[in-house]
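Asks: sequence unknown, structure follows:
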């Protein structure tokens, strides 16, 4: 597609449920990032993939958060046993730059998760 | 944790006026980027300035970078109502990730 696509756009979960958020990056983009954005705050880094390799997961807040990109394109962020503090917008971004190079990131519209 | 701090947190101006937003950061950088986010949407890249550059222009946008003071500014000239959005600075971290500031919420009144 023309841009980064994320689904679902909105997700309401009951506390304790598992959720899966999908990201379809721009075709051919090597790098894929997940960010978490709380209301009124800037995006906070969660994890980074270069192709299918997860090179940095230092931002994942707990072991309830898991991300994968098995074929180096589509990525899924999974949150197990959701808690109210997980309520946020989850942003996916992709970039043609790889390795240590920082280039322009292309963001999706985000998935807004509300945990009741 | 977040690297940058934007100032002011919120800015309200009239259409046609200039808007200036400032960003300070803590560690050395290779480049700094500015992004815009409309309410409920994703972030859109505006401009990238490298650490060896002092000023960069793109249309109505002017970005300055002072690495000695670890600060950057974004100037939007002749603002329009459509410029209403949140603006974020971002510095480069390991593995190409960006570290974002808290953002400046700009409101341009027609």
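Replies: Thanks, I have it. A quick note: this is a predicted structure, and the numbers were derived from the prediction, not measured.
Asks: show me what from chain B comes close to chain A.
Replies: Counting by Cβ under 8 Å from any Cβ of the partner chain, chain B comes close to chain A at B:2, B:4, B:30-31, B:33, B:35, B:40-45, B:48, B:88, B:92-103. For the C-beta atoms, the positions are set from N, CA and C on the backbone; glycine is no exception.
Asks: please, where are all the strands along chain A?
Replies: Using DSSP state E, the strands assigned to chain A run over residues A:5-7, A:10-13, A:19-24, A:31-37, A:44-50, A:53-56, A:65-68, A:75-79, A:88-95, A:106-107, A:111-115.
Asks: could you measure from the residue nearest to the spatial centre of chain A over to chain B?
Replies: The centroid of chain A falls nearest to residue A:34 when counting by Cα atoms, centre = their mean (3.1 Å). As for residue A:34, its distance to chain B is 10 Å (criterion: Cβ to the nearest Cβ, to the nearest Å).
Asks: give me the nearest residue to that residue, chain neighbours excluded.
Replies: Distance criterion Cβ to Cβ, 6 or more residues apart in numbering or on different chains; nearest residue to residue A:34, sequence neighbours excluded, is residue A:46 at 4.2 Å.
Asks: do residue B:19 as well
Replies: Nearest residue to residue B:19, sequence neighbours excluded (Cβ to Cβ, 6+ apart): residue B:76, at 4.5 Å.
Asks: show me the contacts for the one you found.
Replies: Taking Cβ atoms under 8 Å, 6 or more residues apart in numbering or on different chains, we find residue B:76 in contact with B:18-20, B:60-61, B:83, B:106.
Asks: equivalent analysis for residue B:70, please.
Replies: So residue B:70 contacts B:24-26 (Cβ under 8 Å, 6+ apart).
Asks: neighbour-wise, which one of these leads?
Replies: residue B:25 (21 neighbours; other Cβ atoms under 10 Å in any protein chain shown).
Asks: any chance of the strands of chain A in CSV, with distance to residue B:14 too?
Replies: Shown next, in CSV, are these (distance: least, Cβ to Cβ, whole Å):
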stretch, distance to residue B:14
strand A:5-7, 35
strand A:10-13, 35
strand A:19-24, 39
strand A:31-37, 29
strand A:44-50, 33
strand A:53-56, 43
strand A:65-68, 44
strand A:75-79, 41
strand A:88-95, 30
strand A:106-107, 29
strand A:111-115, 32
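Asks: among those strands, which is nearest residue B:13?
Replies: For these, the distance to residue B:13 is smallest for strand A:31-37, at 24.8 Å, taking Cβ to Cβ.
Asks: state the distance from the nearest residue to residue A:29 once chain neighbours are set aside to chain B.
Replies: Among residues not flanking residue A:29 along the chain, residue A:94 sits closest, at 3.8 Å (Cβ to Cβ, 6+ apart). For residue A:94, the distance to chain B (Cβ to the nearest Cβ) stands at 11 Å.
Asks: beta partners for residue A:94?
Replies: Beta-bridge partners for residue A:94, by DSSP bridges, are residue A:32, residue A:106.
Asks: so who does it touch?
Replies: Residue A:94 makes contacts with A:4, A:23, A:25-26, A:29, A:31-33, A:105-106, as judged by Cβ under 8 Å, 6+ apart.
Asks: where does the chain dip in pLDDT?
Replies: Assuming you mean chain A. A:1, A:99-101 (pLDDT under 70).
Asks: wait, I meant chain B there
Replies: B:1-4.
Asks: how about the strands of chain B, start to end?
Replies: For chain B, applying DSSP E gives strands covering B:5-7, B:10-14, B:19-24, B:31-37, B:43-50, B:55-58, B:61-66, B:71-76, B:85-92, B:98-100, B:104-109.
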